[in-house]
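Visitor: based on what follows, work out the 3D shape:
(one chain, ligands or ions: 1)
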Amino acid sequence: ATKLIKSKPPPSPPSSTTTTTVPKVYPIIGSVLSIIANKHHRIQWLSDILHASPSSTFVLHRGFGSRQLFTANPTVVHHILKTNFPLYHKGPTMKCALNDFLGQGIFNTDGPTWKLQRQISSHEFSNHTLRKFIETVVDVELSDRLLPLLDDASRNKTIIPDFQNILQRFTLDNICKIAFGFDPECILREAPFTTALTDATIICSKRLNGAFPLIWKTKKLLNLGSEKRLKEAISEVKDLARRIMREKKKELREKETLDSMDLLSRFLCSGHSDEEFVIDIIISFIVAGRDTTSIALTWFFWLLSKHPHVEEEILKEVTQKDTVYTHACEEMKDMVYTHAALCESLRLYPPVPMNSKEAMGDDVLPNGTLVKRGWRVTYHIYAMGRSEKIWGPDWAEFRPERWLSWEEAEGRWRFQAVDAFTYPVFQAGQRVCLGKEMSFLQMKRMVAGILRRFKVVSNVAEPEYGGYFTSFMVGGFPVTIQNRN
Ligand code: HEM
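Guide: Next comes the predicted model:
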């Protein structure tokens, strides 16, 4: 296992059907025609343009004077997420599109409201006992629920029609238990709010990226089509959040002392107990914790099924250790190859493909590009992960070894991190993802737990990468499960 392994030929990336030059700009409507023509492969289209641009940056004219700057340039990303962070907010455009769903939750706020949530939750996420708690929650969900489900599928030789959905239900149970001390038992039975969460995410993403915002605003006013569905979906999600909040309030009233404070208790005890605000906080954490990790693992298992030699390496790593989870933290730290394989999968298939800010004033970017107040500035995480300039000519290969160096003296791999502004899969700077450590812990335990017993066989050749806030595998991930024994 000591030598670098040559990967199979690169997975062919889907390509856009139109040109890769900056789209033509017409008076008044700007490039709206191109935006509409490319709406079904928006992520790839914008990525192709960025790869063709010498500065890895270009400005899209969205019509009626509205502009959106896209970048895949690490220096620019550093500028907007760190050097000039105070100038770049979530901004009014995003807040308007997401307010119905996310309200004042951490994802959709700036300034003091964001800071308050960041401070309270940072404390929770940096807590050492949380690490142990995450491990226990993940292990119990694995051994009591997920592994028996996979065992049934392998015994009965049935196809699991959508493994992505199973993973989403797993991570939803996880985040609710970890952050709120509440068990929705989603993996045992599909609840309406799981579909509601997906629908709300997709419809809000379409609101934000559509060519004419007036269309969704009119549909909302008339309660029609997707806007009608959004209203229903949000109400289902809010019902769940309200239930979680009320149960926690009851628990806090009844118990005189708490053995441990979860995130929700911390918010409720901090004096910020306005019901609508707490509901917004709960929804943001559910969205953050459910889709990202489950989508990451969906693409990861698909990539493993295409690269058996990587799976073999991981299997060696996870079976070297005791199957009993003693000294769990150490074991997870040692899973260097698995860690690298996860980073590599996140590079090619980032769960959040793009992320936007809005300039609150005029600015000049480090590459000389002018930004005007009110422009949206978007860093394209997917394009950066597939950039030849950043990763070299073998950028398309799934090669965990690019994250590793072999330490001859120690006889083992050492992980080599990449600068967060070059690899902003978890964002970077002041608003870097709060759940990064948690998600690696969770993903490694899930990968180890599943792969030790089962092989996940993909039943899909070339899945489509979804282009919403999060990049679902379009149409789901059908798999069969083989027991290794
Ligand atoms: C593979 C897994 C994950 C990835 C790729 C990921 C990625 C990201 C990204 C790109 C952002 C910036 C989003 C934005 O500003 O619009 C973010 C923020 C955030 N993430 Fe994660 N995330 C992951 C897992 C998690 C988990 C498990 C949690 C736990 C609840 C979490 C909690 C958060 C929170 C609270 C923020 C907001 C931070 C702020 O605005 O200050 N994430 N994440």
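Visitor: report the distance from the helix or strand Ile49 falls within to the chain centre.
Guide: Using DSSP states H and E, Ile49 sits within helix 42-52. Computed by Cα atoms, centre = their mean, to the nearest Å, the chain-centroid distance of helix 42-52 equals 20 Å.
Visitor: so which elements touch it?
Guide: Judged by 3 or more Cβ pairs under 8 Å, 6 or more residues apart in numbering; DSSP states H and E, the packing partners of helix 42-52 are strand 57-63, strand 66-71, strand 376-380, helix 381-385. Just so you know, the C-beta spots here come from the backbone N, C-alpha and C atoms, and that holds for glycine as well.
Visitor: of all those, which lies closest to the ligand?
Guide: helix 381-385 (6.9 Å; Cβ to the nearest ligand atom).
Visitor: next structured bit after that closest one?
Guide: Scanning forward in sequence from helix 381-385 by DSSP H and E, the next helix or strand is helix 388-391.
Visitor: tell me which residues of the helix holding Ile49 are tucked away?
Guide: When burial is assessed from 16 or more other Cβ atoms under 10 Å, helix 42-52 yields the following buried residues: 42-51.
Visitor: of those residues, closest to the ligand?
Guide: Closest to the ligand, out of all of the buried residues of helix 42-52 and judged by Cβ to the nearest ligand atom, is Ile43, at 14.2 Å.
Visitor: which residue is the nearest non-sequential neighbour of that closest one?
Guide: Spatially, and ignoring its direct neighbours in sequence, Ile43 is nearest to Gly467 (4.0 Å; Cβ to Cβ, 6 or more residues apart in numbering).
Visitor: what's the helix or strand for the one you found?
Guide: Following DSSP H and E, one finds Gly467 outside all helices and strands.
Visitor: quick one on the thing from earlier: what's the angle between the helix holding Ile49 and strand 376-380?
Guide: Angle of helix 42-52 versus strand 376-380, following axes from the mean of the first three to the mean of the last three Cα atoms, to 10 degrees, is 80 degrees.
Visitor: pLDDT on helix 42-52, on average?
Guide: In this model, helix 42-52 carries a mean pLDDT of 96.
Visitor: output the below-cut-off pLDDT ranges for this structure.
Guide: Scanning the chain for pLDDT under 70 picks out the ranges 1-19, 127-128, 256-260, 321-333.
Visitor: in it, what residue is nearest the ligand?
Guide: Proximity of the chain to the ligand (Cβ to the nearest ligand atom) peaks at Gly435, 2.0 Å away.
Visitor: buried ones in stretch 113-121?
Guide: By neighbour count with 16+ other Cβ under 10 Å, stretch 113-121 contains the buried residues 113-114, 116-117, 120-121.
Visitor: got TSV for those residues, with secondary structure too?
Guide: Listed next are the buried residues of stretch 113-121 as TSV, based on DSSP: H, G, I helix; E, B strand; the rest coil:
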residue	secondary structure
Thr113	helix
Trp114	helix
Leu116	helix
Gln117	helix
Ile120	helix
Ser121	helix
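Visitor: and which of the residues you listed is nearest Ile29?
Guide: Within the buried residues of stretch 113-121, the smallest distance to Ile29 is 34.5 Å, found for Trp114 (Cβ to Cβ).
Visitor: quickly note the distance from that closest one to Phe85.
Guide: To Phe85, Trp114 is 12 Å away according to Cβ to Cβ, to the nearest Å.
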